[in-house]
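Colleague: Based on what follows, work out the 3D shape:
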Amino acid sequence: MSNKSKFQSLTIRDDFMFSAVMMQDDNCKKFLEMLLGISIKEINVSSEKSMSYNPDYKGIRLDVYANDENNTRYDIEMQVAKQDLGKRIRYYHSQMDMDLLKSGHQYKELPTAYVIFICDFDPFKKGKYCYTFENRCMEDVSLTLEDESISIILSTKGENADCIPEGLKKFLVFVKEDNAENNSETDDEYVRQLQKSIRSIKEDREMEGKFMTSWAWNAYVQDRTDEAREEGMKEGMKEGMKEGMKESLLEFLNDLGEISQALKDTVMSETRIDILKSMIKMAAKATSISDFEEKISTL
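Modeller: Got it, this is the predicted structure:
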């Protein structure tokens, strides 16, 4: 499948599409209001926020990071990995707190913070759509630590529909559906809003260009590069990434017109990843092959 086809087949379950949809303030705001049963006047969304404070520590990149008018913080993740969910959530909370303290806050100023994982599986196999956790005293569960740290895991495999809002159930059903079902008619206003956002994103050439050079792809390659034990494997993965970027670039250029052999040679001979990324972005904005050639002359 070509990268263009992959982009068109994305659903909200994919990290890239989920981030692109939820970075639209109204989509994120309505999701949080529906989940938490609260009213939010204003939301500020930062998509793909990176947090890393020491090269010796594992950095993270959040799918969707938001704060509201009360300074409550929200990290919303489309989670596909089934391993170590609890420890992932613990680390995400710690990184969010470090981000605030780094900005000069004192402990007492730490705001309420939510880490929300949306899973297309049931991590606890209890048949619940929603699992909410906070720090409570084991000897007396009526006592909470009052650290205002809350973790929510949503599952598309729930069976207790009577225990959650109808809108949340319909959202989770929407997350579970495949690409064809994602476009089917629905009576839910919020799901229709998300469908409209997804269609708009898929019609946007710049968004397509971002997908082709997205952090998710780079992170995917980097994760596996870090796991490689032999230097040859690392180099092979880097070469594979370059070839994939060249393929994506040529797909973009095919939409603009006939590609000359000279231009194709220019693309195929490029070895620098940063230049290939820039070329893809330029191709996404170009109106013709000649326009693209003019743009890359500045590189």
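
Colleague: Now stretch 102-116: buried residues?
Modeller: By neighbour count on 16 or more other C-beta atoms under 10 Å, the buried set for stretch 102-116 is L110, A113, Y114, V115, I116. From N, CA and C alone the C-beta is placed, and that goes for glycine too.

Colleague: For the first one, which residues are in contact?
Modeller: What that stands for is L110. Residues in contact with L110 (C-beta atoms under 8 Å, 6 or more residues apart in numbering) are D97, L100, L101, D147, E148.

Colleague: Now list the buried members of those.
Modeller: Neighbour-count burial (16+ other C-beta under 10 Å) applied to the contacts of L110 gives D97, L100.

Colleague: before we move on, back to that, ok, the buried residues of stretch 102-116 vs R61, which is closest?
Modeller: Among the buried residues of stretch 102-116, V115 lies closest to R61 (C-beta to C-beta), at 14.1 Å.

Colleague: quick one, what contacts that closest one?
Modeller: D75, E77, I89, Y92, H93, M96, I150, S151, I152.

Colleague: Just checking, which of those comes out lowest on pLDDT?
Modeller: Minimum pLDDT across the contacts of V115 is recorded for M96, with 88.

Colleague: For it, give its distance to Q8.
Modeller: Here M96 is placed at a distance of 34 Å from Q8 (C-beta to C-beta, to the nearest Å).

Colleague: Please say which of those two ends up with more neighbours.
Modeller: M96 (24 against 13; other C-beta atoms under 10 Å).

Colleague: The more buried one against I76, yeah?
Modeller: No - if you go by C-beta atoms under 8 Å, M96 and I76 don't touch, sitting 12.0 Å apart.

Colleague: Which neighbours do these two have in common?
Modeller: Common contacts of M96 and I76 (C-beta under 8 Å, 6+ apart): Y65.

Colleague: Measure how buried the nearest residue to S197 once chain neighbours are set aside is and give me the count.
Modeller: Nearest non-adjacent residue to S197, counting by C-beta to C-beta, 6 or more residues apart in numbering: V21, 4.9 Å away. Counted by other C-beta under 10 Å, the residues lying close to V21 total 23.

Colleague: Now flag whichever of the contacts of V115 is closest to E177.
Modeller: When the contacts of V115 are compared against E177 (criterion: C-beta to C-beta), the nearest one is E77, at 19.4 Å.

Colleague: The closest one and L256, how far apart?
Modeller: 36 Å.

Colleague: Between these two, point out the one with more neighbours.
Modeller: Each of E77 and L256 has its neighbours counted (other C-beta under 10 Å); E77 has more, 23 against 15.

Colleague: C-terminal to whichever helix or strand the more buried one is part of, what's the next element?
Modeller: Using DSSP states H and E, the element containing E77 is strand 73-79. Once the chain leaves strand 73-79, the next helix or strand it forms, by DSSP H and E, is helix 85-102.

Colleague: ok, and what's touching that next one?
Modeller: By C-beta under 8 Å, 6+ apart, helix 85-102 touches 51, 53, 58, 60, 62, 65, 73, 75, 77, 79, 81, 107, 109-111, 113, 115, 117, 119, 123, 133, 149, 151, 153.

Colleague: pLDDT of stretch 256-273, averaged?
Modeller: 89.

Colleague: got it, and stretch 164-173?
Modeller: Taken as a whole, stretch 164-173 has an average pLDDT of 96.

Colleague: In that stretch, which residues are buried?
Modeller: Going by 16+ other C-beta under 10 Å, stretch 164-173 has these buried residues: I164, G167, L168, K169, K170, F171, L172, V173.

Colleague: Check stretch 272-280 too.
Modeller: Neighbour-count burial for stretch 272-280 [16+ other C-beta under 10 Å]: L276, K277, S278, M279, I280.

Colleague: can you check stretch 171-184 too?
Modeller: F171, L172, V173, F174, V175, K176, E177, N182.

Colleague: Dihedrals phi and psi, the second one?
Modeller: Spelled out, it's L172. phi -70, psi -30 (degrees, to the nearest 10).

Colleague: Next up, the contacts around it.
Modeller: L172 neighbours (C-beta under 8 Å, 6+ apart): I118, Y129, L154, S155, T156, G158.

Colleague: three-state assignment of E206?
Modeller: helix (DSSP: H, G, I helix; E, B strand; the rest coil).

Colleague: Nearest residue to it in space, please, no chain neighbours.
Modeller: That would be A284: by C-beta to C-beta, 6+ apart, it lies 4.9 Å from E206.
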